[in-house]
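J.: Sequence below, structure please.
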Amino acid sequence: MRVWRTVLLLGVASIGLSLLGACSDDSGDQPRSLSEELAGRSFVAERLTQDGAPRPVAPGSTMTVGFADGKLSASAGCNTINGPFTIEGTTLVAGNLAMTEMACVPAVMAQEQWLSQLLSSKPTVSIEGVSLTLAGGGATALLVDRAVAQAAPPIQGTTWLLTTVITGQTASTPRADMESTLLIEGDRLSIQGGCNRGGATVTIAGNVLQTGPMMMTKMACEPAGQALDQTLIDVLGASPSIRVESQNLYLDTDATSLVYVAKN
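T.: The predicted model follows:
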């Protein structure tokens, strides 16, 4: 803080000084507006919900929303959505949005329609650190700054939380009380299934994960828990391909895919 003081001489023969007053420049750093917070940034979807229920991201797709020079650019995995936007208070007001017209798989096309409707619904906007939340029309998208999202966590040593099981064209989400996780440490793999815990030796050769025989606990489980346990055993035993994109881990076989998100 810089302080300016005005000093008045009391007389020619006098040496005394009198301090009349002081004023300070204390403007400080003003909070940035939402428009300023968004400018030049791009975000990647981490979690979607519709009417309070999880909405899994379409397999193999990435949803992004970016803001620059008064225009937004978004994609749900195939086509690009573009248009002007303004921020009114905490509301995103999009102008006429245009979308390219490439043919996409049905799940991605449905996801594009969902994103377009969200952006056009005058959603509320909130930013907390690297996270952006858009909410409107019963839809909510939690997105993370692309610069952070691209810093993918390592496969080894990360606890991965199962978010989606994809069989054919059907995607399902484990129940909230079934927190299924996967952890790889060195040559050991540990899982928490829908009910039981298990472990096996593991190697990763290129993009293929190979496990030894899976040893599971034998707790009595309800059918849903047993079914999830068996799905995990089947996928892990089939030498799935393994990849990390953003904060997600994918285990893919011809029949089933498992999608995890980094938990720690």
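
J.: In this structure Met215 contacts Thr201, no?
T.: No - counting by C-beta atoms under 8 Å, Met215 sits too far from Thr201 to count as a contact (10.0 Å). C-betas here are computed from N, CA, C, even on glycine.

J.: For the two, indicate the residue with more neighbours.
T.: Thr201 (14 against 10; other C-beta atoms under 10 Å).

J.: so that one is in which element?
T.: Per DSSP states H and E, Thr201 falls inside strand 197-205.

J.: cool, Ala147 as well?
T.: Assigned by DSSP H and E, Ala147 belongs to helix 146-149.

J.: where do the strands sit along the stretch 151-264 of the chain?
T.: With DSSP state E, counting those that start in this stretch as the criterion, the stretch 151-264 of the chain has strands at 160-167, 170-172, 181-185, 188-192, 197-205, 208-211, 215-216, 241-245, 248-252, 256-262.

J.: Grab the most central residue of the protein for me.
T.: Centrality entry for the chain: nearest residue to the mean C-alpha point is Glu46, 2.1 Å, by C-alpha atoms, centre = their mean.

J.: before we move on, what SS does that one have?
T.: Applying DSSP: H, G, I helix; E, B strand; the rest coil to Glu46 yields a three-state assignment of strand.

J.: same question, the one 10 residues further on
T.: Classification of Pro56 using three-state DSSP returns coil.

J.: gap between it and Met215?
T.: Pro56 sits 30 Å away from Met215, going by C-beta to C-beta, to the nearest Å.

J.: Check Ser75 too.
T.: 43 Å.

J.: And Leu183, by the same measure?
T.: Distance of Leu183 to Met215, given as C-beta to C-beta: 15 Å.

J.: how many neighbours does the nearest residue to Val148 once chain neighbours are set aside have?
T.: Among residues not flanking Val148 along the chain, Val130 sits closest, at 4.7 Å (C-beta to C-beta, 6 or more residues apart in numbering). Look at Val130: counted by other C-beta under 10 Å, it has 14 neighbours.

J.: Where does pLDDT dip in the stretch 1-150 of the chain?
T.: 1-31, 150 (pLDDT under 70).

J.: can you pull out the strands in it?
T.: With DSSP E, counting those that start in this stretch, the ranges of strands along the stretch 1-150 of the chain come out as 3-9, 17-24, 42-50, 53-54, 64-68, 71-75, 80-88, 91-94, 98-99, 124-128, 131-136, 139-145.

J.: Need those in JSON lines (columns: distance to Gly237).
T.: Conversion of these to JSON lines gives the following (distance: least, C-beta to C-beta, whole Å):
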{"stretch": "strand 3-9", "distance to Gly237": "73"}
{"stretch": "strand 17-24", "distance to Gly237": "71"}
{"stretch": "strand 42-50", "distance to Gly237": "29"}
{"stretch": "strand 53-54", "distance to Gly237": "27"}
{"stretch": "strand 64-68", "distance to Gly237": "35"}
{"stretch": "strand 71-75", "distance to Gly237": "35"}
{"stretch": "strand 80-88", "distance to Gly237": "40"}
{"stretch": "strand 91-94", "distance to Gly237": "46"}
{"stretch": "strand 98-99", "distance to Gly237": "42"}
{"stretch": "strand 124-128", "distance to Gly237": "41"}
{"stretch": "strand 131-136", "distance to Gly237": "37"}
{"stretch": "strand 139-145", "distance to Gly237": "33"}
